[in-house]
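Engineer: just the structure for this:
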Amino acid sequence: MSNFLNAFIRSIIEAVTEFLPVSSTGHLFLFSEYFPFTGLGEKSVSYEDLFDIFIQSGAIFSVLILYFRFLAGEVNGAILYLL
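Structural biologist: Below is the predicted model of the structure:
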């Protein structure tokens, strides 16, 4: 499997499992055990970890952007309550 296809499939796995009640990290871990990136030599494991963190941070940022107004309102309410 080419590295491009591998990255694309990992991204799809992350997108689908992020909002389901299953572990997206666990699914990425299982996929990388059976289908690692190829042709990277010693850097393969480090690259896989970095790539998985990168695509998971994208999902986290999308949730933060989606719920920004709600989270900002909650923070403002907590600050006003403490004052």
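Engineer: so where's this structure shaky on pLDDT?
Structural biologist: 41, 43-45 (pLDDT under 70).
Engineer: give me the most central residue, it.
Structural biologist: residue 56 (1.2 Å; C-alpha atoms, centre = their mean).
Engineer: what's in contact with the one helix or strand residue 61 maps to?
Structural biologist: Here residue 61 sits within helix 44-66, counting by DSSP states H and E. Helix 44-66 has contacts (C-beta atoms under 8 Å, 6 or more residues apart in numbering) with 7, 10-11, 14-15, 18, 24-25, 28-29, 32, 36-38, 40, 71. C-betas here are computed from N, CA, C, even on glycine.
Engineer: equivalent analysis for stretch 30-41, please.
Structural biologist: Contacts for stretch 30-41 (C-beta under 8 Å, 6+ apart): 1, 3, 6, 9, 10, 13, 44, 45, 47, 48, 51, 52.
Engineer: which of these are buried?
Structural biologist: Among these, those scoring as buried are 6, 10, 13, 48, 51, 52 (criterion: 16 or more other C-beta atoms under 10 Å).
Engineer: widest-spaced pair of those residues?
Structural biologist: Taking every pair in these and measuring C-beta to C-beta, the maximum separation is 13.0 Å, between 13 and 48.
Engineer: ok, residue 14 touching residue 24?
Structural biologist: Yes - counting by C-beta atoms under 8 Å, residue 14 touches residue 24, with 5.5 Å between them.
Engineer: run the chain-centre distance for the helix or strand containing residue 12.
Structural biologist: Per DSSP H and E: residue 12 is located in helix 3-18. Centroid separation for helix 3-18 versus its chain: 10 Å, with C-alpha atoms, centre = their mean, to the nearest Å.
Engineer: residue 32 - how many residues pack around it?
Structural biologist: By other C-beta atoms under 10 Å, 19 other residues sit near residue 32.
Engineer: from residue 78, how far off is it?
Structural biologist: Separation of residue 32 from residue 78 (C-beta to C-beta, to the nearest Å): 39 Å.
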